[in-house]
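Kindly return the folded structure for what I paste below:
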Amino acid sequence: MPPADTASSYFMTNSAHRKASYRTEDFNYTLPPELIAQSPVATRDESRLLVLNRQIDTVEHKEFRDIVDLGGPGDLIVVNSSRVIPARLHATRDNGRTAEVLLVHQTSLNTWRVMVHPGGKLKVGRQLHFESHGDAEVTGVLGGGLREITFDPGLDVNALMADLGSVPLPPYIHREPEDADSERYQTIFAIEDGSVAAPTAGLHFTPELVTKLKNKGIDFAEILLHVGPGTFKPVAVEDPQDHEMHSEWYRLPEKTARLVNRVRESRGRVWAVGSTAARVLEICTSDSITSAGSGWTSKFIFPPYEFEGVDVLITNFHQPRSSLLMLVTAFGGYERVMAAYDTAIEAKYRFYSYGDAMVIV
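Now for the predicted structure:
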């Protein structure tokens, strides 16, 4: 593997081996467990930043706050405004034993799609007791690890979450949530409740950094995608084309569509902060025109794929065999991205949700 600053020879040597299609095993890599970040850095924009340049095939090592130097007047940074809800709840089963419930999506006044543990024990008809707030009943088994539960009439689920809920930290963070996670596992752009996982590429921004970017003539725009638990689901099938994504709710406002099209017309660059922003931009862009839209999406981006709505991608380092890694390789090029991951491991970058970042330009 080449040194961090001289990766171009590796990319050129391997360009002849690029494939028209990939197997899930192609997205595997070995990560030392100690590189999985268990807590955030002291200050958001002190995270390390690996800069992968697709045009000249180079890798540079910077801090996230240096992203100011990479943008230019007329660029647009698109962020996800979804907010993580305190969706992790503990309940008592009707046999007196405990259960864990992860609220995923409200489908009607009293009914939610959830993930539960232990799943095999919570069949239709089972009762769940939430202390003084009341009860819920398992009313459906939906497949894909999902259940439907119906709360007692009049039970205030928002009050329940505020009282008993906690931040649903990812399963690879091997500790209980702390008070600080309520703030640090949210981006500064978070406005609208609905996610069960943070759009982690946005975690590195601070208000001061946003101000510096705006002072340089770089604008910001919002999309919304409520991140579901499927973000942590590895691709289990051999052929990525057979993978089924969980559906997630998205919205691209008219104002954002206007800003994106104006930037594209003026030859500025559209930056997607994370896979969520990238997916929404791709959903809503056709023939280089971005339109407002909303709805449920299970869009799955994997190589080979030609992006229409994104010029620059900010992303964290993702799990092996994940749909997120597949999206990043589709954008940056399979060989480039996988080589960059090897470089990041060698340089001891911190991986996953609370880890460091990469920007692909």
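
Once you drop chain neighbours, what's closest to residue 161?
With Cβ to Cβ, 6 or more residues apart in numbering as the criterion, residue 161 has its nearest non-adjacent residue at 4.7 Å, and that residue is residue 86. Just so you know, the C-beta spots here come from the backbone N, C-alpha and C atoms, and that holds for glycine as well.

these two touch, right, the one you found and residue 167?
Yes: at 6.0 Å, residue 86 and residue 167 qualify as touching, with contact defined as Cβ atoms under 8 Å.

any common contacting residues for those two?
Residues touching both residue 86 and residue 167 (Cβ atoms under 8 Å, 6 or more residues apart in numbering) are residue 182.

Name the residue in those two with the higher neighbour count.
residue 167 (24 against 21; other Cβ atoms under 10 Å).

host element of the residue nearest to residue 161?
Using DSSP states H and E, residue 86 sits in no helix or strand.

Pull up the gap between it and residue 176, please.
Between residue 86 and residue 176 the computed distance is 13 Å (Cβ to Cβ, to the nearest Å).

Give the residues shared as contacts by those two.
residue 166.

Off-centre distance for stretch 176-186?
Using Cα atoms, centre = their mean, to the nearest Å, the mean C-alpha position of stretch 176-186 is found 17 Å from that of the whole chain.

Give the buried residues for it.
The neighbour-count check on stretch 176-186 (16 or more other Cβ atoms under 10 Å) flags 177, 181, 184, 185, 186 as buried.

Take those and keep only those in helices.
Judged by DSSP state H, helices contain the following of the buried residues of stretch 176-186: 181, 184.

Which of the three states applies to the residue nearest to residue 285 when sequence neighbours are not counted?
Leaving aside its chain neighbours, residue 285 sits nearest to residue 309 (3.5 Å; criterion: Cβ to Cβ, 6+ apart). What DSSP: H, G, I helix; E, B strand; the rest coil gives for residue 309 is coil.

Quick check: residue 309 vs residue 177, distance?
Distance, residue 309 to residue 177, using Cβ to Cβ: 34 Å.

now swap in residue 290 and tell me
Separation of residue 290 from residue 177 (Cβ to Cβ) stands at 37 Å.

got it, and residue 223?
For residue 223, the distance to residue 177 - Cβ to Cβ - is 27 Å.

do residue 203 as well
For residue 203, the distance to residue 177 - Cβ to Cβ - is 15 Å.

Check residue 217 too.
39 Å.

now do residue 296
28 Å.

domains in this structure, as residue ranges please.
Domains of the chain are assigned by automatic domain parsing as 8-84+182-360, 88-164.

So which of the ones you listed is the most surrounded?
With neighbours taken as mean count of other Cβ atoms under 10 Å, the domains of the chain reach their highest mean count in domain 8-84+182-360, at a mean of 19.

so how far is that domain from its chain's centroid?
8 Å.
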